[in-house]
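Novice: Got a sequence here, can you model it:
(chains A and B)
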Amino acid sequence: MQAQLLHELRAIVGADGLITRPEQLQTYECDGLTNFRVVPAAVLLPATAAQVQAIVRVCHREHIPFVARGSGTGLSGGALPVTGGIVISLTRLNRILEVDLINGRVTVEPGVINAHVTAAVAAAGYFYAPDPSSQSVCTIGGNVAENSGGAHCLKYGFTVTHVLGLDVVLPDGTLVHLGSKAGDGPGYDLAGVFVGSEGTLGIATRVILRVVKQPQTVQTLLAAFPSPDAAGAAVSAIIAAGILPAAVEMMDRLSIQAAEAAVHPGYPVCDGLLLVELDGPSAEVEARMAQVQAICRDCGAWELRLAQSAEERLLVWKGRKAAFAAMGRISPNYIVQDGVIPRTALPRVLHEIAALGAAAGLRVANVFHAGDGNLHPLVLYDRRVPGQEHTAETLAFAILQLCVQAGGSITGEHGVGMEKKAFMPVMFAEPDLETMQRVRCAFDPLHLANPDKIFPRPRLCGESAGPYRPHPLETAGVAERF
Amino acid sequence: MTTPNAVLTADFAAIVGAAYVTSAGPTDAVLGCRPRWVVAPGSPEEVAAVLRAATAAGLRIAPRGGGTKQSWGNPPTALDAILALHRLDRVLEHAWGDMTATVEAGCSVLHLQQTLAAHGQRLALDPLWPQQATVGGILSTNDSGTLRIRFGTLRDAVIGMLVALPDGTLARSGGKVVKNVAGYDLPKLLTGAFGTLGVIVEATFRLYSLPDQMVACSIQAATVAPLQALLLRLLDTAITPTGLQLRAAAEGAALDVRFEGTAAACAAQLDTVRRLAGDLPCSAADPAVWTAHEAIWPGAEPAVIARVSVLPTDLARLCTAAAACVAPGGAWQLVAQGTGGGLLRLAAPADRLPAAVHQLRAAIPAGDGSLVVLDCPPAIRPQIDIWGPPGDALPLMQRIKAQFDPTGTLNPGRFVGGL
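Specialist: So this is what the prediction gives:
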């Protein structure tokens, strides 16, 4: 990067806000998906929205691509830098700007850690519901980019459900207000579109969040089943009974072993472990939990364990949330996927995943959000064995294809990023992708904001759209017109 | 227009069949703007083909479902044809085990709910006039009702969409699973866009179970103030109402609270409400209170009906401002949900209503609320700013419109800022 430009950027953020030394830049070469790495030309650490805006204006003038970054915990390569581009790290924009509990609103800067939002309102009996497993380190800005979920989104919804408004620096450096504190304002729901756009539409510099009241009662049940099928049947029966749990998680034997090795949650060792959490008014939770236990027994659960204290509940969740990282205890390397399937397809898809794993000669651990069909198959492999990484990648791709064929999605909460953009045509036809990119062209016609993510090919803004072609799901017989 | 009507009629007939291209009558007019045709396609492909042909011929199109909300928004700057979606009226799939449903845009809300109820499920939304209102219409206007305090609005319920664009593109986005972050969330962009970006052809929704039990009470007061205070106290408890509604007028006010779930939980939560209500009279709610957002509508005297959104803490202030802006001699009525959103009626001699709207809008704190006029006497409509200030994102919205509808085929001029 030219010295003159660096000088200009340094003038915006100060000497301690600009990183150009190669060994320091390496810290930013990847996010939580470490198999893609690009060293950026520079990293900027703005401390105010005005600085973000000034940086983006320079990028726009000079046509320099930029990638916004929070804590770098993303699992799809969404924060992967661009060669010759800059990284704008938002960790210094970490202030909670307003807490308005009476209206259930908290306004934050994007670098605020997810768990710090709940910490700021917990004493008054409130919490911030989206709870990705990385919540103790990931930022709200990153959650907004990915539309992060978490175990409790089954009942409470995703990040987008909890974002009412945003200040956004557009890729041309303009600052706009999307949505509002009151919500429901007139105009296109651009806040709704921005959330989950993976940093490709601009940079949020202020986020108005909704926080919710803590439930009167929370109960967490562990149920041990002889097989994943039996556990899956229990999930379907619980939902069919009209019960909406706060969370339903499933772990298989491999995941249980890994979690036990890492954080000793003391789970019953079995082939299908369900973690069912109910929350709400005490009378409701007690009656429903009795129903859930009866359903689990009917479906073959041989052990039911209701957490007896807040500490026990925390330990149960600690084991679940540590599950990915714990895979390191049982395998040198792993690929985590994030496909979603309709809940009723669970047993069939789990069998097919097992068959694919067996055919590839690799182990696949399953730990997932069973309530909403969001699978997290972990393909275990050893990079040192020649060819095994490639086999693992092929297997992971085949699993995503299975999810789409079952009527699901290639990603439920991790985002498309760099990792899955080549898979987008499996799920969407060309007109679908082209239509999405019209939004991109309205926000960022020069493709400066996190370019080369989400879409397999960028659309040249201004080119005209083509006519209708049959959807791949139709030609495959998955979706049909009646 | 250089192409003769007869040629265009034949073009449309070739796409949808001659029986489904009719001459428009007076009742097809949209806010005084009378189209030439009503075209009723029978499939998503036909919707796309009609749009492509209309765009090529430079025609202006207004999509229409049940027609219940055609008088909302600005009048179109021009209108050649109504695109009627009543033939696309099927529930395509109710995946009750997965609690999702895919439905065509012309299906009425009532028919959808009846179909879902066969398996004990529902779209957890109670919009205006469900018997006539269609899925496409409620999506395009982002309508909701009393259930939103617990279940949110359509943006929380819609998980997938099939949309026809003016150039004839048919695009799917989202999917059939509740959790899905693959690509941009176009269903959110189209929801509440008043048919200015594309025509919603199908939508997929997340569903909820019908409740086992339902109980509700109404708390009365002479003025709004004590009920505003009670509303805020209730929001600060762990009760989980599925309805929390403030009804207010000069004559008095009421707070309606509804619970669903097990009998024991409903009873326990009602007790909490009664306890917090203190000396205010509390009685079982008349079921009609849950359609108060419809009852606010008719009336002989000149009135403005507006969709308002403020913070829950500002509801009483909104009522005070509403009373001030119709005084002397006028009347006001508010039906608001606990979220702060609702419908407001201002009645006064017609010539005073434009100023009343202006005054009330000015009383809403900038950035913390909005007022959109839905209905008003036709004579004063030109004097009223229907949408209010569009905010600093208007240029971005204009670029979105230019990307989706560069020729201005769909509902031109009807939306915010003349979009």
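Novice: Next, the contact list for the spatially closest residue to A:A422 that is not a sequence neighbour, please.
Specialist: Distance criterion CB to CB, 6 or more residues apart in numbering or on different chains; nearest residue to A:A422, sequence neighbours excluded, is A:P456 at 5.7 Å. Any C-beta I mention is one placed from the backbone N, CA and C, and that applies to glycine too. Residues near A:P456 by CB atoms under 8 Å, 6 or more residues apart in numbering or on different chains: A:K421, A:A422, A:M424, A:P425, A:L433.
Novice: change it to 6 Å
Specialist: Going by CB atoms under 6 Å, 6 or more residues apart in numbering or on different chains, A:P456 touches A:K421, A:A422, A:M424.
Novice: Who are the packing partners of the helix or strand containing A:L350?
Specialist: For A:L350, the enclosing helix or strand under DSSP states H and E is helix A:346-360. Helix A:346-360 is packed against helix A:228-240, helix A:388-405, with contacts defined by 3 or more CB pairs under 6 Å, 6 or more residues apart in numbering or on different chains; DSSP states H and E.
Novice: By residue count, tell me the biggest helix in chain B.
Specialist: Criterion DSSP state H: the longest helix present in chain B is helix B:263-277.
Novice: coming back round to it: quick one: the helix holding A:L350 to chain centroid distance?
Specialist: How far helix A:346-360 lies from its chain's middle: 24 Å, per CA atoms, centre = their mean, to the nearest Å.
Novice: ok, residues contacting it?
Specialist: Here helix A:346-360 makes contact (CB under 6 Å, 6+ apart) with A:P228, A:D229, A:G232, A:I341, A:V364, A:P377, A:T391, A:L395, A:A398, A:I399, A:L402, A:A406.
Novice: Could I have the ChimeraX command that selects the buried members from the contacts of A:P456?
Specialist: Of those, the buried ones can be selected in ChimeraX as follows, counting by 16 or more other CB atoms under 10 Å in any protein chain shown:
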select /A:421,424
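Novice: quick one: the helices in chain B?
Specialist: Under DSSP H, chain B gives helices at B:5-16, B:44-56, B:109-117, B:135-141, B:148-151, B:154-157, B:186-190, B:225-235, B:263-277, B:292-295, B:315-326, B:353-363, B:394-404.
Novice: Can you pull the phi and psi angles for the residue nearest to A:A422?
Specialist: With angles defined as degrees, to the nearest 10, A:P456 sits at phi -60, psi -30.
Novice: just A:L18 next, same as before
Specialist: Residue torsions, per degrees, to the nearest 10, at A:L18 are phi -130, psi 130.
Novice: Tell me who's in contact with it.
Specialist: A:L18 neighbours (CB under 6 Å, 6+ apart): A:L9, A:R10, A:L44.
Novice: who touches the last one in this structure?
Specialist: I take that to be A:L44. Contacts for A:L44 (CB under 6 Å, 6+ apart) come out as A:V13, A:L18, A:I55, A:I86, A:I88.
Novice: Keep only those of those residues that are in helices.
Specialist: Members of these lying in helices (criterion: DSSP H): A:V13, A:I55.
Novice: And the spatially closest residue to A:I341 that is not a sequence neighbour, how far from A:L346?
Specialist: Once flanking residues are discounted, A:I341 sits nearest to A:G408: 4.0 Å by CB to CB, 6+ apart. For A:G408, the distance to A:L346 equals 11 Å [CB to CB, to the nearest Å].
Novice: So which of the two has more stuff around it?
Specialist: Under the neighbour definition other CB atoms under 10 Å in any protein chain shown, A:G408 and A:L346 were set side by side, and A:G408 has more, 29 against 23.
Novice: Now that we have the contacts of A:L44, can you turn them into a markdown table and tack on distance to B:G66 and pLDDT?
Specialist: As requested, the contacts of A:L44 are arranged in a markdown table below (distance: CB to CB, whole Å; pLDDT from 0 to 100):
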| residue | distance to B:G66 | pLDDT |
| --- | --- | --- |
| A:V13 | 55 | 98 |
| A:L18 | 59 | 97 |
| A:I55 | 50 | 98 |
| A:I86 | 52 | 97 |
| A:I88 | 48 | 98 |
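Novice: How many neighbouring residues does residue 55 have?
Specialist: Because you didn't say which chain, this covers chain A. 24.
Novice: Sorry, I should have been clearer: chain B.
Specialist: Neighbour tally, B:T55, other CB under 10 Å: 21.
Novice: Check it and give its pLDDT.
Specialist: On the pLDDT scale, B:T55 is placed at 97.
Novice: Run a quick check on it versus B:T407, I expect a contact.
Specialist: Yes: B:T55 is within contact range of B:T407, at 5.3 Å (criterion: CB atoms under 6 Å).
Novice: Which residues of the stretch 1-150 of chain B lie near chain A?
Specialist: B:A48, B:L92, B:G97, B:D98 (CB under 6 Å from any CB of the partner chain).
Novice: what's near enough to touch the residue nearest to the last one when sequence neighbours are not counted?
Specialist: Taking CB to CB, 6+ apart as the measure, B:D98 lies nearest to A:P342, with 4.2 Å between them; neighbours along the chain are not counted. A:P342 makes contact with A:G373, A:G407, B:D98, B:V177 under the criterion CB under 6 Å, 6+ apart.
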